[in-house]
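1. Dropping the sequence and predicted coords here.
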Amino acid sequence: MTGLAPRSLPWPYEHVDGWLVCQGVRVADIAKEFGTPCYIYSEAAILKAYEVLACPDAKGRTARICYAVKANSNLAILRLLARAGAGFDIVSAGELQRVVAAGGRADRIVFSGVGKTVQELRFALEEGVGCINVESLAELQQLESVAAGLKVTAPISIRVNPDIDAKTHPYISTGLKENKFGLGLDDALEAYRRALKSRHLRIVGVDCHIGSQITSLQPFRDATQRLLAFATELHHLGIELAHIDLGGGLGICYRDEHPPSAEELKNLGLQMVADWAAATGCRTPEVVFEMGRAIVGASGLLLSRVLLLKPSSDPAAKHFAIVDAAMNDLMRPSLYQAWHDLFLLQPCQANAQAQTWDVVGPVCETGDWLARDRSLALSEGDLLGFASAGAYGSTMGSNYNSRARPPEVLVRQNGELSLIRRRETFEELIELEKIPKDLWGPQPEVTSKPPY
Ligand code: LLP
């Protein structure tokens, strides 16, 4: 077992005669054309994942899908999704500007986040954002005064923290009461009471988001139940909700997880909300999902090249494969001990023996690893692809160790390649920096002689 079997190679990636292929294109050729490290995304995979969520259920009901921009904010991907009809979930003015730059509709945007600045709130109102998901009483007050200043009415939803364990990595669990997100039910009710009294706030919805990479339906079911029970209380206050936003968080398969399908989750949400409306006599609110990973995660590969092999003669030590991608390109393994499947892009070389490697980057941190204990038949110069890197890959990248951000390539449905972000240059890396003039003064002569 070399670990090369196409175990969880996500569609439309496939192995053909030992070559990894996407839409008829050999991925190794992409790596050669654009260099490594490099992100590639399959247009077909993104559109298919979006369509499964956006298409009507068996009863002809649809949910509004607000793509969570933070998962992958490349303008071309935003454009692709805007054209497919997506709304957007944003968390900053920067993300709002991206959506606008990609031609997305502001009125289809929900604006989440625990710490929006006054400037961001003003910008969102000026742009006509569809809904601001308010996460604290202080934010509600701030938003009200910004709206009053602009002489507009702000469309709002209160983000409820339903205190549900999403059973995911603690760093990406957001719906527990010890998490910083949203308002507990009592405080949320108080927020709605205050909003009702305000001339500058217009209640359009209620929302929650309990975490990310969730791999079972149960937490979604529990959270929706709590949200709907809360919506009944709002109904008693006389509030008619235009939408119920169930957040994002649907997991994907990185290794051996079996998350529910997007269709199952969509059906569950639509059905629960419809049943609730029938039971309470309320008008059926629109169901909103803020999905990120489930739309773009499986579409992406991070391409990399093996720079050096560093096997150890000590049987107790590790064998390292040093590759040209690093933690600054793909943070998830260092940050969450996340698993990304790893594939050779070309047939393995005839003399390569499978052995267990830690695949690490060149960054000067022990935490700089991308894959551990992988059985692979590697040779220096081999091209590799880290799978399911479409979400929270490039967006979480940095320039640590003065490494340029990698290019991003969209593999079009017809097999054409679009460079949707070029590799950063050194000039761009230092563009914002400046050495004060006086520091260019004379430098002391080095007088001491080296001791040899
Ligand atoms: N809505 C809100 C308010 C969120 O905070 C998030 C993600 C989403 C929607 C989208 O969640 P998704 O459908 O993508 O799970 N960096 C981590 C994931 C952080 C998720 C943060 N919030 C990772 O690489 O796993």
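-> Perfect, I can see it now. Numbers count the residues shown, from 1 in each chain.

2. Helix, strand, or coil at residue 52?
-> Here residue 52 is recorded as helix under DSSP: H, G, I helix; E, B strand; the rest coil.

3. Taking the stretch 101-250 of the chain, what residue is nearest to the ligand?
-> Residue of the stretch 101-250 of the chain nearest the ligand, by CB to the nearest ligand atom: residue 248 (2.8 Å). Glycine gets a C-beta too; all of them are placed from N, C-alpha and C.

4. ok, residue 400 touching residue 363?
-> Yes: shown here, residue 400 and residue 363 form a contact pair, counting by CB atoms under 8 Å, at 6.3 Å.

5. Neighbour count: the two, which is higher?
-> residue 363 (18 against 15; other CB atoms under 10 Å).

6. can you tell me which strand in this protein is longest?
-> strand 300-310 (DSSP state E).

7. Can you work out which residues contact both of residue 400 and residue 363?
-> 327-328 (CB atoms under 8 Å, 6 or more residues apart in numbering).

8. The longest strand of the chain pairs with which strands, and in what direction?
-> Each strand paired with strand 300-310, and its direction, by DSSP bridges: strand 38-42 (antiparallel), strand 320-323 (antiparallel), strand 383-386 (antiparallel).

9. Work out the gap between the last one and the centre of the chain.
-> The chain centroid and the centroid of strand 383-386 are separated by 21 Å, computed with CA atoms, centre = their mean, to the nearest Å.

10. Check the second one too.
-> Distance, stretch centre to chain centre, for strand 320-323: 27 Å (CA atoms, centre = their mean).

11. what comes into contact with that strand?
-> Counting by CB under 8 Å, 6+ apart, residues outside strand 320-323 touching it are 304-312, 357-362, 370, 376, 378, 384.

12. Out of those, which end up buried?
-> Buried by 16 or more other CB atoms under 10 Å: 304-306, 309, 357-362, 370, 376, 378, 384, out of those.

13. Closest one of those to the ligand?
-> residue 370 (13.7 Å).

14. Could you verify my assumption that the closest one touches residue 331?
-> No: counting by CB under 8 Å, residue 370 stays clear of residue 331, with 10.0 Å between them.

15. coming back round to it: make sure the residue of the stretch 101-250 of the chain closest to the ligand is actually in contact with residue 296.
-> No: in this structure residue 248 lies outside contact range of residue 296 using CB under 8 Å: 11.4 Å.

16. Name the residue in those two with the higher neighbour count.
-> Shown here are residue 248 and residue 296; by other CB under 10 Å, residue 296 has more neighbours (32 against 26).

17. CA atoms only for stretch 64-75, dumped as CSV, please.
-> What follows is stretch 64-75, C-alpha atoms only, in CSV (Å, rounded to 0.1, in the frame of the first residue of the first chain):
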residue,chain,number,x,y,z
ARG,A,64,-31.0,30.9,-0.4
ILE,A,65,-27.3,30.0,-0.4
CYS,A,66,-25.0,32.8,0.9
TYR,A,67,-21.5,31.6,0.1
ALA,A,68,-19.2,32.2,3.0
VAL,A,69,-16.5,34.4,1.4
LYS,A,70,-13.9,33.6,4.0
ALA,A,71,-13.6,30.0,2.7
ASN,A,72,-12.1,31.2,-0.6
SER,A,73,-12.4,34.8,-1.5
ASN,A,74,-10.7,34.8,-5.0
LEU,A,75,-12.6,37.2,-7.2
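
18. Okay, buried residues for it please.
-> Those buried within stretch 64-75 under the rule 16+ other CB under 10 Å are 64-74.

19. ok, the residues you listed vs the ligand, which is closest?
-> Nearest member of the buried residues of stretch 64-75 to the ligand, counting by CB to the nearest ligand atom, is residue 68, at 3.5 Å.

20. Alright, that wraps it up for me.
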